[in-house]
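Asks: next input, structure requested:
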Amino acid sequence: MSGSGEQLTDLPSGITLCFETFGSFGDPPVLLVMGLGGPMNWWDTSFCERLADEGLFVIRYDNRDTGRSTHLRQHRVGRVDIVKAAVGLVRTPPYRLDDLADDAFGLLDHLGLEEAHLVGVSMGGMIVQTMAIARPERTLSLTSIMSTTGRRTVGFQNPRVLPGLFLSNGEGREGYVSRQLRGTPLISSPDYPAAEAAVRARAEETYDRGWSPDGVVRQLMAILTQPDRTKALGRLRMPVTVVHGTKDPLVHRSGGKATAAAIPGAEHVEIPGMAHDLPEPLHGRIVEIICGTVARASSRR
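Replies: Take a look at the predicted model:
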């Protein structure tokens, strides 16, 4: 099932979001929220089509500072700012996870959707958790993938991947692609390696959509200044599934365990061999998990 084609919407906040939908509007809506630096194409079109084929209305979009959505270039940040944020010295980042959550609600408003099933990966998991806490009446279900609670003692990074996070971007399109070819294997699922051609193709598409290293840093500042959501997650009552890979080096599986433990009745699924990506061989399993969570919500209603 093909998508609707990319569209733009201007939010009251002044942010413009680029989005695309799959499936029929009247079907249960599922909002897909991507992680750090990831535009909508990181949700593979085939993955979105599989969800639509299961009878869901699927929405994917570019977060602010990615792809064809608004880039907040007026906010300059650098490595010193990252270090300060990491040790708690930054109180006013360019924006917070709350603002990214408000963007997503603004997109739902534009589409005329009062409620949606929320699915987020990594930073996207943090965003959908924030959405569910802020507006539980608009959250039909929550699927948090390879994410964490904001508590700094869980969901930490393996030290071996940290140098790769600060690889030089090099010059232009080929410099970015080269970095992705070097850095992607550091966080990818070792049991499901991606072909170099696939990594290159995604990197080229990402760059062409509007890659912004400064935008990634601004998103990282939102992550580093996020609150500990553990207590607030305990108030959630909608169906929740927490998914994590057993070999995730970027967000340790303890982040998933802590998230599931914080939410009453949450289902916790660990996928053997999965790291910090969504490899194509696991698409069917992840679609199954999302559909199962949606079904749990439907049965309640």
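
Asks: so which elements touch the one helix or strand Ile127 maps to?
Replies: In the assignment (DSSP states H and E), Ile127 maps to helix 123-134. Where contact means 3 or more C-beta pairs under 8 Å, 6 or more residues apart in numbering; DSSP states H and E, helix 123-134 is packed against strand 29-33, helix 97-110, strand 116-121, strand 139-145, helix 213-224, helix 230-233. C-betas here are computed from N, CA, C, even on glycine.

Asks: which secondary structure element contains Glu205?
Replies: helix 196-210.

Asks: one step back: report the angle between the axes of the helix holding Ile127 and helix 213-224?
Replies: Per axes from the mean of the first three to the mean of the last three C-alpha atoms, to 10 degrees, the angle that helix 123-134 makes with helix 213-224 is 50 degrees.

Asks: can you dump the C-alpha coordinates of helix 123-134 into PDB?
Replies: Output of helix 123-134 as PDB, limited to C-alpha atoms (Å, rounded to 0.1, in the frame of the first residue of the first chain):
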ATOM      1  CA  MET A 123      14.600   9.500  21.300                       C
ATOM      2  CA  GLY A 124      11.300   8.800  19.700                       C
ATOM      3  CA  GLY A 125      10.500   6.500  22.600                       C
ATOM      4  CA  MET A 126      11.300   9.300  25.000                       C
ATOM      5  CA  ILE A 127       9.000  11.600  23.000                       C
ATOM      6  CA  VAL A 128       6.000   9.200  23.000                       C
ATOM      7  CA  GLN A 129       6.500   8.500  26.700                       C
ATOM      8  CA  THR A 130       6.400  12.300  27.300                       C
ATOM      9  CA  MET A 131       3.200  12.500  25.100                       C
ATOM     10  CA  ALA A 132       1.500   9.700  27.100                       C
ATOM     11  CA  ILE A 133       2.300  11.400  30.400                       C
ATOM     12  CA  ALA A 134       1.200  14.800  29.200                       C
END
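
Asks: what's the average pLDDT for it?
Replies: Confidence over helix 123-134 (mean pLDDT, whole number) is 98.

Asks: likewise stretch 102-119?
Replies: 98.

Asks: any idea how far the residue lying closest to Arg96 once chain neighbours are set aside lies from Val294?
Replies: With sequence-adjacent residues excluded and distances taken as C-beta to C-beta, 6 or more residues apart in numbering, Arg96 is closest to Ala222, at 5.4 Å. Relative to Val294, Ala222 is positioned 28 Å away (C-beta to C-beta, to the nearest Å).

Asks: of all the helices and strands packed on helix 123-134, which lies closest to Ala194?
Replies: strand 116-121 (15.8 Å; C-beta to C-beta).

Asks: need the contact partners of that closest one.
Replies: 28-35, 38, 56, 59, 108, 126-129, 131-132, 138-147, 278, 290, 293-294, 297 (C-beta atoms under 8 Å, 6 or more residues apart in numbering).

Asks: residue ranges of the helices in the chain, please?
Replies: When assigned using DSSP state H, the helices of the chain occupy the ranges 45-53, 79-86, 97-110, 123-134, 162-165, 172-187, 196-210, 213-224, 230-233, 253-262, 283-300.

Asks: make TSV out of those helices and add distance to Gly245 and mean neighbour count.
Replies: Below are those laid out as TSV (distance: least, C-beta to C-beta, whole Å; neighbours: other C-beta atoms under 10 Å):
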stretch	distance to Gly245	mean neighbour count
helix 45-53	16	19
helix 79-86	24	14
helix 97-110	22	20
helix 123-134	13	26
helix 162-165	18	13
helix 172-187	10	16
helix 196-210	18	16
helix 213-224	19	20
helix 230-233	21	17
helix 253-262	7	22
helix 283-300	11	17
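
Asks: lowest average pLDDT across those helices?
Replies: Averaging pLDDT over each of the helices of the chain puts helix 162-165 lowest, since it has a mean of 64.

Asks: which residues does the residue nearest to Val217 when sequence neighbours are not counted contact?
Replies: With C-beta to C-beta, 6+ apart as the criterion, Val217 has its nearest non-adjacent residue at 4.9 Å, and that residue is Val77. Contact analysis of Val77 by C-beta under 8 Å, 6+ apart lists 93-94, 214, 217-218, 221.

Asks: burial measure for the nearest residue to Ala266 once chain neighbours are set aside, as a count.
Replies: Nearest non-adjacent residue to Ala266, counting by C-beta to C-beta, 6+ apart: Val240, 4.1 Å away. By other C-beta atoms under 10 Å, the residues close to Val240 number 28.

Asks: same check on the one 3 residues further on?
Replies: Residues contacting Val243 under the criterion other C-beta under 10 Å number 27.
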